[in-house]
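kindly return the folded structure for what I paste below:
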Amino acid sequence: MEKLRIDKWLWAARFYKTRSLAAEEIGKGRVRVNDLEAKPARELKVGDTVALRQGPITRTLLVRGISSQRGAAPVAQQLYEETEESVRLREAAAEARRLNGDPAASHDVGRPTKRDRRDIDKAQNKAWDSRWSASAD
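Okay, the predicted model is just below:
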């Protein structure tokens with residue numbers, strides 16, 4: 001039976017850009033294998049279940065293949081199968097992000113932006129010429 005370190009598999013399956021990033025995320029407790037917290041050197045085999053958290057989203061994957069080389073994205077996608085529940089939750093989270101909009105747009109506290117400053121100046125009917133004068137009046 002073929003086995004491979006989980007940090008190397010996560011890198012080969014293109015979940016993380018480098019092995020060191022994968023090992024760092026595993027060390028932070030964001031990756032679980034078969035409902036047990038994993039370490040970077042934990043060996044992974046076909047049939048294992050991997051749950052990894054990427055930001056607010058938790059993905060649950062079934063290991064379908066083992067590869068120690070990082071290949072093209074279509075090849076990497078053949079190494080795992082995402083569970084239906086995980087796909088559904090990920091799509092629901094994406095839809096919620098799309099509908100909620102930009103959180104910075106609702107931020108009304110602090111210094112005004114350049115656009116806010118222009119709106120304030122228009123409201124006060126101030127133009128450059130009326131604020132500053134080079135005449136000797």
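
ok, the spatially most central residue of the chain to residue 94 distance?
Centroid check for the chain by CA atoms, centre = their mean gives residue 55 as the closest residue, at 4.9 Å. Going from residue 55 to residue 94 by CB to CB, to the nearest Å gives 11 Å. Any C-beta I mention is one placed from the backbone N, CA and C, and that applies to glycine too.

then residue 78?
Distance, residue 78 to residue 94, using CB to CB: 23 Å.

got the residue ranges for the strands in the chain?
3-5, 31-33, 36-37, 43-45, 49-54, 57-63, 80-82 (DSSP state E).

starting at the chain centroid, how far to the third one?
Centre-to-centre, strand 36-37 and its host chain are 22 Å apart (CA atoms, centre = their mean, to the nearest Å).

dump the residue contacts of residue 81.
Going by CB atoms under 8 Å, 6 or more residues apart in numbering, residue 81 touches 61-62, 64.

ranking these by neighbours, who comes first?
When neighbours are counted by other CB atoms under 10 Å, residue 61 leads the contacts of residue 81 with 19 neighbours.

measure residue 100 to residue 7 for me?
If you go by CB to CB, the gap between residue 100 and residue 7 works out to 33 Å.

so those two - more neighbours on which side?
residue 7 (26 against 9).

separation between that one and residue 32?
Counting by CB to CB - residue 7 and residue 32 are separated by 14 Å.

repeat for residue 82
From residue 82 to residue 32 the distance is 15 Å (CB to CB).

good, we can wrap up now.
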